[in-house]
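Q: Structural data only, the sequence is not supplied:
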């Protein structure tokens with residue numbers, strides 16, 4: 001269920017909402033700047049910055065980023081592009097892309 005986790009745009013790792021909340025509370029209590037709990041990259045300050053991070057992962061052939069790009073295209077009604085992104089992610093071994101293609 002996609003509502004129970006978030007994807008970190010910097011490294012394309014997924015974290016459950018409870019763990020993300022615990023990390024945010026730790027950062028607040030210790031007066032730390034928001035960072036990714038996996039790669040420690042600074043949290044994006046805008047949607048544009050998050051998309052830029054995702055694009056970097058896409059260019060590195062990260063199958064999760066490629067899947068996400070396909071999901072975004074599909075959500076915007078660009079089904080042909082979504083199909084192409086999912087084909088590429090599936091070729092890189094992403095099982096969720098295989099599922100979306102079936």
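A: Nice, I can see it. Given the structure is predicted, the values throughout are model-derived calculations rather than measurements.
Q: Run through the protein and note the low-pLDDT ranges.
A: For the chain, the stretches with pLDDT under 70 are 1.
Q: What segments of it are helices?
A: 17-29, 47-59, 63-75, 79-91, 95-101 (DSSP state H).
Q: so which of those helices gets nearest residue 10?
A: helix 47-59 (4.9 Å; C-beta to C-beta). All C-beta spots, glycine's among them, are computed from the backbone N, C-alpha and C.
Q: As TSV, the helices of the chain with distance to residue 11 would be great.
A: As requested, the helices of the chain are exported to TSV (distance: least, C-beta to C-beta, whole Å):
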stretch	distance to residue 11
helix 17-29	14
helix 47-59	7
helix 63-75	9
helix 79-91	16
helix 95-101	17
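Q: Just say which of those is most tucked in.
A: helix 63-75 (a mean of 20; mean count of other C-beta atoms under 10 Å).
Q: Give me the angle between that one and helix 79-91.
A: 160 degrees (axes from the mean of the first three to the mean of the last three C-alpha atoms, to 10 degrees).
Q: so what does helix 63-75 touch, helix or strand wise?
A: helix 47-59, helix 79-91, helix 95-101 (3 or more C-beta pairs under 8 Å, 6 or more residues apart in numbering; DSSP states H and E).
Q: From the chain's centroid, how far away is the second one?
A: Between the mean C-alpha point of helix 79-91 and the mean C-alpha point of its chain there is a distance of 16 Å (C-alpha atoms, centre = their mean, to the nearest Å).
Q: and what of stretch 17-25?
A: With C-alpha atoms, centre = their mean as the basis, stretch 17-25 stands 17 Å off its chain's centre.
Q: can you check stretch 12-23 too?
A: 12 Å.
Q: what's in contact with it?
A: For stretch 12-23, contacts defined as C-beta atoms under 8 Å, 6 or more residues apart in numbering pick out 3-8, 36-39, 54, 57, 62, 64-65, 68.
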